[in-house]
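[1] Here is the input, now give the coordinates:
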Amino acid sequence: NNLLKITSMSLEIGKVEEKLAVNCSDNIKISFSSKYMMDALRTVESKDVVLCFNNDVQPIIIKDSKDDTLLQLILPIKTY
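    Residues are numbered from 1 along each chain as shown. As a prediction, this is how the structure comes out:
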């Protein structure tokens with residue numbers, strides 16, 4: 001329903017959940033390191049970010065919506 005739900009679980013902090021409105025056509029459940037995601041997002045200067053997901057086993061592609069030269073990849077983590 002064009003809603004991105006981000007959840008994080010940490011022993012020190014507890015569970016955190018954030019929901020964002022997005023333009024999305026598929027449902028994908030994927031896990032990745034929040035540290036790597038934050039490092040990648042810090043390099044983006046625009047307020048708008050493009051996240052590209054193919055499936056739950058391929059890298060997430062992060063792009064700056066205004067700068068086509070910036071491209072970040074984050075590998076997913078397998079969870080069971």
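
[2] Could you check how far stretch 18-30 is from the centre of its chain?
    Offset of stretch 18-30 from its chain centre (Cα atoms, centre = their mean, to the nearest Å): 9 Å.

[3] Stretch 69-76 too?
    10 Å.

[4] Between the two ends of that stretch, how far is it?
    End-to-end span of stretch 69-76 (Cα to Cα, to the nearest Å): 23 Å.

[5] hmm, what's the outermost residue in this structure?
    Most distant from the centre of the chain: residue 12, at 21.9 Å, with distances by Cα atoms, centre = their mean.

[6] Distance check, it against residue 36.
    19 Å (Cβ to Cβ, to the nearest Å). The way it works is simple: take the backbone N, C-alpha and C, and place the C-beta from them, glycine included.

[7] who touches residue 58 in this structure?
    Residues near residue 58 by Cβ atoms under 8 Å, 6 or more residues apart in numbering: residue 76.
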